[in-house]
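Q: Got a predicted model here, sequence first, then my questions.
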Amino acid sequence: MFETVLVANRGEIAARIVDVLRQNEIKSIAIYSEADAESPHVKRADKAICIGPAPVGQSYLNQDAIIQVAIAESVDAIHPGYGLLSENAGFARRCEDAGIRFIGPTSEVIEAMGDKVIARESAERAGVPVVPGSKGPITDIDAAHAIAEQIGYPVLVKAAGGGGGIGMALVKRASKLPRAIESCRDRGESSFGNASVYLEKYIESPRHIEVQVLFDQHGHGIHLFERECTLQRRHQKVIEEAPSPFVSTQNGLRDALCSAALKAAHAIGYRNAGTVEFVMAPSGEFYFIEMNTRLQVEHPVTEAITGVDLITWQLKIASGEKLSIAQDELKIQGAAVECRLYAEEPEKMFLPRPGEIGEFSPPEMDGVRVDSGVESGATVTQYYDPMIAKLTAHSDSRETALELAARALDQFKIEKLTTNRVFLGKVLRHPAVREGEFDTKWLERYAKGQLD
């Protein structure tokens, strides 16, 4: 195992990684921006070093500064967390070149999976179903029209380097296609440095289901079942569950889904923790979307139902250990639900609401876990994602897990700051959510008052 690890992140995930490093008797080096000087991950790390001003480009995305700190502190490895540099192939390559282990897959795999066209082609070659669409990037508008007519409208135009709904457009008729392609190309180039776009058939009323996988450096891999990530706003997940209530009712679907995820990961020589994402039609048909080559925000629900500490295993795998968990040893233990607490106003289309926090007092209840990157008196700034905490509830059944999460939210004290806490509680108690009857647009419809 490593002796010293640098945590190249902030907020709740940085604090969690620091805690896991301590549990494994590994020295932690935290980095922080000037705005995060009093953050929990800074206080809990063995050593913390200021990396620059508040803007991410001058701090958490400053690769030169991070590598310099890593070399100066003689770290063995860097854990990137999620977001920020976690899926930046260039940064992973710089770590490799400096002789520092990047805790994740290789830079080549990150680069390949970061291009959605290449990822789609790889999955298709592995026998994993993909959404009907173009076989590669769109090269001319005539070809795009032909493909769209063949698969049928509506279609999605998607930036090859995109994610989180960025560089994506829904097109319902042919006259709108050229402009959508141009717009997605421009957004892809400006946001990801990649102007390639491709077409996919739009799946009506879909679910977003993902499968957690874990591969060591010796070719052994397992899945840790699926997560239901359908409750979203603006293509960003808000409430996640494990296992999926829909998949649990469909005979043979879980086995098929998880088998497809393992095929997709194995085909690219994956290693470490990763997530294979699928879009699922109401019929249960599922299609590969992409692979996230990092730890997911929602990993706690998987840890809850399997008892597997994913970050500890990330460390073990990155240090060369063999995966000692056999697939048949893993069983789903109850149900878990995670709620993301944001400094935002759901009634105003989830508008971010940065500001100062008064008292911040998470509930202390059996079966409830809170991962937080703030504390009483902290300020949520406009520089970063407005997520302040994750609340995860685990119980014997989905029904009791949902109720436990709702009660925990009721008892979660967050003063002064505007958050989505009350909104989340209402969602968890809604009959449609209790019955598991929702799609990826349900949450936005509910927020707009279009549902009872």
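A: Done, it's in.

Q: what about T306, neighbour count?
A: 21 (other CB atoms under 10 Å). To be clear about C-beta, it is placed using only N, CA and C from the backbone, and glycine gets the same treatment.

Q: so where's this structure shaky on pLDDT?
A: Along the chain, segments meeting pLDDT under 70 span 450-452.

Q: For the stretch 101-250 of the chain, which segments count as strands?
A: Under the criterion DSSP state E, counting those that start in this stretch, the stretch 101-250 of the chain contains strands at 101-102, 155-163, 166-171, 197-201, 207-215, 221-233, 236-242.

Q: what lines up beside the first one in the sheet?
A: Within its sheet, strand 101-102 is paired with strand 77-79 (parallel), according to DSSP bridges.

Q: following the partner strand, which helix or strand comes up?
A: Sequence order places helix 89-97 as the next helix or strand after strand 77-79, per DSSP states H and E.

Q: Now do that following helix: which elements does it pack against?
A: Judged by 3 or more CB pairs under 8 Å, 6 or more residues apart in numbering; DSSP states H and E, helix 89-97 is in contact with helix 63-72, strand 101-102, helix 107-114.

Q: go with 6 Å
A: Helices and strands touching helix 89-97, by 3 or more CB pairs under 6 Å, 6 or more residues apart in numbering; DSSP states H and E, are helix 107-114.

Q: contacting residues around the helix it packs on?
A: The contact list for helix 107-114, computed with CB atoms under 6 Å, 6 or more residues apart in numbering, reads E87, A89, A92, R93, I118, A119, I268, M291, T293.

Q: Contacts only, for the first one.
A: Looking back up the chat, that one is E87. By CB under 6 Å, 6+ apart, the contact list for E87 reads I110, T293, R294.

Q: so how far is H299 from the second one?
A: Counting by CB to CB, to the nearest Å, the gap between T293 and H299 amounts to 14 Å.

Q: From A15, how far off is A393?
A: According to CB to CB, A393 stands 20 Å off from A15.

Q: typo on my end, L6
A: L6 is 15 Å from A15, by CB to CB.

Q: more crowded one of these two?
A: Comparing L6 with A15 by other CB under 10 Å, the one with more neighbours is L6, at 28 against 24.

Q: three-state assignment of the more buried one?
A: Using DSSP: H, G, I helix; E, B strand; the rest coil, the structure places L6 in strand.

Q: That one contacts V75, doesn't it?
A: Yes - with contact defined as CB atoms under 6 Å, L6 reaches V75; the gap is 4.5 Å.

Q: Nearest to the middle of this structure, which residue? Look it up for me.
A: The chain has Q296 as the residue nearest its centroid, 3.7 Å off, counting by CA atoms, centre = their mean.

Q: thinking again about what came up before, now flag whichever of the contacts of helix 107-114 is closest to Q250.
A: Comparing these against Q250 with CB to CB places M291 closest, at 22.9 Å.

Q: any idea how far G133 is from the residue nearest to P206 when sequence neighbours are not counted?
A: Nearest in space to P206, with sequence neighbours left out and distances taken as CB to CB, 6 or more residues apart in numbering, is V279 at 4.8 Å. Distance of V279 to G133, computed by CB to CB: 12 Å.

Q: can you check A242 too?
A: 29 Å.

Q: Same drill for those two, tell me which one is more crowded.
A: Set side by side, A242 and G133 show more neighbours around A242, with 31 against 23, by other CB under 10 Å.

Q: The more buried one reaches E338, doesn't it?
A: No - A242 sits out of contact with E338 when judged by CB under 6 Å, with a separation of 8.5 Å.

Q: Number of residues surrounding N251?
A: For N251, the neighbour count with other CB under 10 Å is 7.

Q: who touches both of A242 and E338?
A: Joint contacts of A242 and E338 (CB under 6 Å, 6+ apart) are V301.

Q: who touches both of L6 and V75?
A: What both L6 and V75 touch, as defined by CB under 6 Å, 6+ apart, is the set I29.

Q: circling back: may I ask which of the contacts of E87 has the most neighbours?
A: Within the contacts of E87, most neighbours by other CB under 10 Å means T293, with 28 neighbours.

Q: for that one, what are its contacts?
A: Taking CB under 6 Å, 6+ apart, we find T293 in contact with E87, P105, I110, M113, G274.

Q: cutoff 8 Å now
A: T293 sits next to S86, E87, G104, P105, V109, I110, M113, G114, Y270, G274 when contact means CB atoms under 8 Å, 6 or more residues apart in numbering.

Q: now swap in I49 and tell me
A: By CB under 8 Å, 6+ apart, I49 lies in contact with I29, A30, I31, Y32, V69, E73.

Q: Equivalent analysis for I51, please.
A: Residues near I51 by CB under 8 Å, 6+ apart: I31, Y32, S33, S59, Y60, N62, A65, I66, V69.

Q: Please report the distance of the second one from G221.
A: Y32 sits 35 Å away from G221 when distances are taken as CB to CB.

Q: between those two, who's got more neighbours?
A: Comparing Y32 with G221 by other CB under 10 Å, the one with more neighbours is Y32, at 23 against 18.

Q: The more buried one sits in which helix or strand?
A: Using DSSP H and E, Y32 falls in strand 27-33.

Q: So for stretch 2-19, what gets flagged as buried?
A: Buried positions in stretch 2-19, judged by neighbour count with 16 or more other CB atoms under 10 Å: 2, 4-19.

Q: Report how far apart the opening and closing residues of that stretch are.
A: 15 Å (CA to CA, to the nearest Å).

Q: go on, stretch 295-309?
A: Length of stretch 295-309, first residue to last, CA to CA: 12 Å.

Q: Name the residues of it that are buried.
A: Within stretch 295-309, the residues scored as buried using 16+ other CB under 10 Å are 295-306, 308.

Q: Dump those into CSV; add distance to I181 and secondary structure as well.
A: Below are the buried residues of stretch 295-309 laid out as CSV (distance: CB to CB, whole Å; DSSP: H, G, I helix; E, B strand; the rest coil):
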residue, distance to I181, secondary structure
L295, 33, coil
Q296, 30, coil
V297, 31, coil
E298, 32, coil
H299, 35, helix
P300, 39, helix
V301, 37, helix
T302, 37, helix
E303, 41, helix
A304, 42, helix
I305, 41, helix
T306, 42, helix
V308, 43, coil
